[in-house]
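Undergrad: This is a predicted model, with the sequence first.
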Amino acid sequence: MTVAMNTEADISTFVNTVWADALLVARENNVMQPLVQGFGDLSGLAVRKNAKYGTATFNQITELDDLTSQAFTPSTDQTLTPYEYGAQFFITDSRVETDIWSYRTDAAVELGAAYGQKIDTALVGLFPSFTGGTAGGTSTNMTWATFFAGISRMRRQLIPRPWICVLTPEQYQCLGTAVAPGVTVTNAPAIQDEFASRYWVGAVAGVDIYIDANITAAATVAGGMFNPAAMALDMRRPFRLETERDASRRGLELNVSSVYAYGVWRPQYGVVLLTAGTAPAG
């Protein structure tokens, strides 16, 4: 005899789905923008250039020698070319009226986060263009020796302070592992204590340290040690969010645009920290 069994499956088509919040994609904070030379005095699309002078040479002279003039004329060095960038979400009336989430607010937050990531990724992508030297190697993990080699190259290039170091999470993990408590070759208890309690140590040897996951993970990665003048962000029109009603399409456009230029500004003021992109196994 077959016995009727009343199960959840019998009514599944009548049960409403329970939705949690819709989640925004994880993005790195905008690390680089406050760390570089910033310009905000112009609008429009005119390019910005800088120039540099030559250097003077001192020669040995005798009592009767007449000094000879040397050239001291500036020449164009770097150019920043601004472009306009934009993005849009179109939201229909029906979507707004039916949506169970704060779609309008979430869309605006995502546009702002994507804008910040766009700028940050562009700036860290300039590290390989530094001409102040290279520390490390493509097949070697980041070490404190590489970090201090970067400082030596900064000094050798007569790069003025402040000095900033931006690393990938994996590069920084190598440094943290090297001074973790229990590492017998490390004889700096104060530094060990800082890493153990906070992990991120804001400054070492007078160099401010930042971690930026917008440096693309790869077999070989390039961190950077630099003076802020090594790079520039020329903001001509800041982030602008405008809502426009489109009656014929029955919806709203969320329009974002900005005009800016970026690039190396004094490339000799930066050193490339070139290492393997891997980190110690956890």
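TA: Arrived safely.

Undergrad: after the helix or strand hosting residue 257, next one along is what?
TA: Element membership for residue 257 (DSSP states H and E) is strand 251-264. Remark: after strand 251-264, the chain's next helix or strand is strand 270-276, criterion DSSP H and E.

Undergrad: mind listing what residue 31 touches?
TA: 120, 124, 166, 210, 211, 212, 214 (Cβ atoms under 8 Å, 6 or more residues apart in numbering). C-beta: built from backbone N, CA, C; applies to glycine.

Undergrad: what about residue 264, how many neighbours?
TA: 22 (other Cβ atoms under 10 Å).

Undergrad: that older thread, tell me the two of the contacts of residue 31 that are most distant?
TA: 120 and 211 (12.2 Å; Cβ to Cβ).

Undergrad: show me what contacts the nearest residue to residue 36 once chain neighbours are set aside?
TA: Using Cβ to Cβ, 6 or more residues apart in numbering and skipping the chain neighbours, the partner closest in space to residue 36 is residue 231 (4.3 Å). Applying Cβ under 8 Å, 6+ apart, we find residue 231 in contact with 32, 36, 37, 123, 126, 262, 263, 264, 265, 270.

Undergrad: Distance check, residue 72 against residue 229.
TA: From residue 72 across to residue 229, the span is 21 Å (Cβ to Cβ, to the nearest Å).

Undergrad: which of those two has more neighbours?
TA: Between residue 72 and residue 229, counting by other Cβ under 10 Å, residue 229 is the more crowded of the two (17 against 9).

Undergrad: Could you verify my assumption that the more buried one touches residue 266?
TA: Yes. Assessed by Cβ atoms under 8 Å, residue 229 is found in contact with residue 266 at 4.8 Å.

Undergrad: Would you map the helices across the stretch 101-250 of the chain?
TA: 103-124, 144-156, 169-178, 189-198 (DSSP state H, counting those that start in this stretch).

Undergrad: Comparing the ones you listed by mean pLDDT, which bottoms out?
TA: Lowest mean pLDDT within the helices of the stretch 101-250 of the chain: helix 189-198, at a mean of 58.
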